[in-house]
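Colleague: need a 3D model of the sequence below.
(2 chains)
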Amino acid sequence: RKEVEQDPGPFNVPEGATVAFNCTYSNSASQSFFWYRQDCRKEPKLLMSVYSSGNEDGRFTAQLNRASQYISLLIRDSKLSDSATYLCVVRGLNNNAGNMLTFGGGTRLMVKP
Amino acid sequence: EPEVTQTPSHQVTQMGQEVILRCVPISNHLYFYWYRQILGQKVEFLVSFYNNEISEKSEIFDDQFSVERPDGSNFTLKIRSTKLEDSAMYFCASSRPLDRSSYNEQFFGPGTRLTVL
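Modeller: You can find the predicted model right below:
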């Protein structure tokens, strides 16, 4: 089983649509969870951290289900500028408390006019 | 806004040559990292560095790789004898020490694209 698994997509949606991405991770002892955004040939940039109680930042909502080892990202009212690859990222995946980040393969989103 | 910088942006080298990739982390950060991303694949952790020593490393980070913080600002990744499969984008990142919050962001540089011929 992959350590962090995502549907690679692409998700092709019209502007204004709501789209949801899911991610599963393999180690129940994982400590912190994030969604990063990566534009083509650019560095990953933090979109939002994912808190146990779920959290929202504008049009973006992240949820964590520790029991199911499942993380989600919901994007409402999609903009053309949301087109990117969304990376599910887990910290502390191994059996130590280190800082290494483990990345999923990413889900590609294409928002069309 | 402070940012991580990396040089060069693109490095082309012959197989078997040594390369040094350079990074300037954000000035008040104490943890430093190297990740790589082979074209079309996921971002992979290589190594983390704290207090002038390696704190974690992955299986990818074998004896061909080394890291150094030669002065107060630069953080380097050296590949002693490059192989074709080392061709990738190499990202440097930095972060502050963990505080009470577990959500400690790692800030990534723009990357160095390494091409091994």
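
Colleague: where exactly do the strands run in chain B?
Modeller: For chain B, strands defined by DSSP state E occupy the ranges B:5-7, B:10-13, B:19-24, B:31-37, B:43-50, B:53-57, B:65-68, B:75-79, B:88-95, B:107-108, B:112-116.

Colleague: dump those strands to TSV, plus mean neighbour count and distance to residue A:17.
Modeller: Using the backbone N, CA and C atoms, a C-beta is placed for each residue, glycine as well. Shown next, in TSV, are these (neighbours: other CB atoms under 10 Å in any protein chain shown; distance: least, CB to CB, whole Å):
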stretch	mean neighbour count	distance to residue A:17
strand B:5-7	16	36
strand B:10-13	14	37
strand B:19-24	19	38
strand B:31-37	24	28
strand B:43-50	22	27
strand B:53-57	14	40
strand B:65-68	17	43
strand B:75-79	20	41
strand B:88-95	24	31
strand B:107-108	22	29
strand B:112-116	18	33
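
Colleague: residue A:63 belongs to a strand?
Modeller: Yes: Residue A:63: assigned to a strand according to DSSP: H, G, I helix; E, B strand; the rest coil.

Colleague: pretty sure it sits against residue A:54.
Modeller: Yes: using CB atoms under 8 Å, residue A:63 is in contact with residue A:54, at 4.6 Å.

Colleague: the two: which has the busier surroundings?
Modeller: residue A:63 (19 against 13; other CB atoms under 10 Å in any protein chain shown).

Colleague: distance of that one from chain B?
Modeller: Counting by CB to the nearest CB, to the nearest Å, the gap from residue A:63 to chain B is 15 Å.

Colleague: hey, what's that residue bridged with?
Modeller: Residue A:63 has the following beta-bridge partners by DSSP bridges: residue A:72.

Colleague: any chance of the strands of chain B in TSV, with distance to residue A:68 and mean pLDDT too?
Modeller: Shown next, in TSV, are the strands of chain B (distance: least, CB to CB, whole Å; pLDDT from 0 to 100):
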stretch	distance to residue A:68	mean pLDDT
strand B:5-7	38	97
strand B:10-13	42	97
strand B:19-24	37	97
strand B:31-37	27	96
strand B:43-50	24	95
strand B:53-57	27	92
strand B:65-68	36	96
strand B:75-79	37	97
strand B:88-95	28	96
strand B:107-108	29	94
strand B:112-116	38	98
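
Colleague: got CSV for the ones you listed, with distance to residue A:82 too?
Modeller: Converted to CSV, the strands of chain B look like this (distance: least, CB to CB, whole Å):
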stretch, distance to residue A:82
strand B:5-7, 26
strand B:10-13, 28
strand B:19-24, 29
strand B:31-37, 21
strand B:43-50, 20
strand B:53-57, 33
strand B:65-68, 35
strand B:75-79, 32
strand B:88-95, 22
strand B:107-108, 19
strand B:112-116, 25
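
Colleague: no more questions from me, cheers.
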